[in-house]
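Colleague: Attaching a predicted model along with its sequence, questions to come.
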Amino acid sequence: MAEAYCPASCGELLQGWIQGGEKLISCPISWYSTVSVTQGKPGRYERPRMRQMVKKVLIHFGQSPLFANNICIEFESTIPVAKGLASSTADIAAAAIATTRLLGQSLSDESLAKLCVSIEPTDSTIFKDLTLFDHQTAQTRRSFPWLPDIDIVLLESPQTLLTEEFHLRNRHSLLLKQAPNLARALQQFQLAHEKQCCHRLGEATTLSAIASESVLPKPKFRQLLDLVEHSGIYGLNVAHSGSVIGLLFNHRQHDIEHLLSTLQQKQLIKYYPQTHLVKMVAGGVR
């Protein structure tokens, strides 16, 4: 048996029209999809794209995709689906590396990225570092080696949205209109990286979230912006192709109890009935 696991993403730190095309920087968090593969009869419970990835990995290493008929896939995931949490990316990336290990092979980050985008738009959680990534073509990849010490109140809405469906929408003119705002957001992100400054990071993610409102609005977004400003936390980020929002803070510097109480008092919790405390983690498939 071979096994691998990959983290979820609390939406994106940045996403939009950046440097001539749509790109993103994911926000890896402490939720995971774990996939194991072993030789044997396929089981009853698996996700179709996992098996699709197993076949692609077999082909990549010169094996017949028919060998997949003798591979059993099992998985365990703590990631809600269709919310903008990169559940599918975690599934297929973990399936790719688990299959690679079963074959006694190794797979570069570049090859993994190409295999993933051949199936669907892919989050940059597949890379260890925070990474600016063209999630549809895998042609752009710029790493920012920094793991910010950030806790997140993840606000989960009951709304669902399939990433594949979202990318079929005609968003081009809206993305181009917001390109100047994304350029400012990227500039702030780069400064945050250079200075290792979580406050600047929060400014960058909030700029990107504001730009996303014209493409995919979130319930009570303005009220959440006000909450960020008055609470003094770093900022917020959103799922640019999903429904979750992250409130970025540090538990040693900010009053989390007051933050949660304010969410209740302002009845924002009605629109985001499930709240989770998660931690930003390094990306990459383990």
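Modeller: That came through, no problem.
Colleague: where exactly do the helices run in the chain?
Modeller: Using DSSP state H, the helices of the chain run over 48-60, 87-102, 109-117, 163-167, 172-177, 179-195, 198-212, 221-231, 256-265.
Colleague: which residues of the stretch 1-150 of the chain score low on pLDDT?
Modeller: The model of the stretch 1-150 of the chain has no residue with pLDDT under 70.
Colleague: re the thing from before, looking at the helices of the chain, which is buried most?
Modeller: A comparison of the helices of the chain by mean neighbour count, using mean count of other Cβ atoms under 10 Å, puts helix 87-102 on top with a mean of 26. C-beta here means a position set from N, CA and C on the backbone, and glycine is covered the same way.
Colleague: With only the CA atoms kept, save that helix in PDB.
Modeller: C-alpha atoms of helix 87-102 as PDB (Å, rounded to 0.1, in the frame of the first residue of the first chain):
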ATOM      1  CA  SER A  87     -11.100  19.500  -1.900                       C
ATOM      2  CA  SER A  88     -10.800  18.200  -5.400                       C
ATOM      3  CA  THR A  89      -7.200  19.400  -5.800                       C
ATOM      4  CA  ALA A  90      -6.300  17.700  -2.500                       C
ATOM      5  CA  ASP A  91      -8.000  14.500  -3.700                       C
ATOM      6  CA  ILE A  92      -6.300  14.300  -7.100                       C
ATOM      7  CA  ALA A  93      -2.900  15.500  -6.000                       C
ATOM      8  CA  ALA A  94      -2.800  12.900  -3.100                       C
ATOM      9  CA  ALA A  95      -4.000  10.200  -5.500                       C
ATOM     10  CA  ALA A  96      -1.200  11.100  -7.900                       C
ATOM     11  CA  ILE A  97       1.600  10.900  -5.300                       C
ATOM     12  CA  ALA A  98       0.200   7.800  -3.700                       C
ATOM     13  CA  THR A  99       0.100   6.000  -7.100                       C
ATOM     14  CA  THR A 100       3.600   7.300  -7.900                       C
ATOM     15  CA  ARG A 101       4.800   5.700  -4.600                       C
ATOM     16  CA  LEU A 102       3.000   2.500  -5.300                       C
END
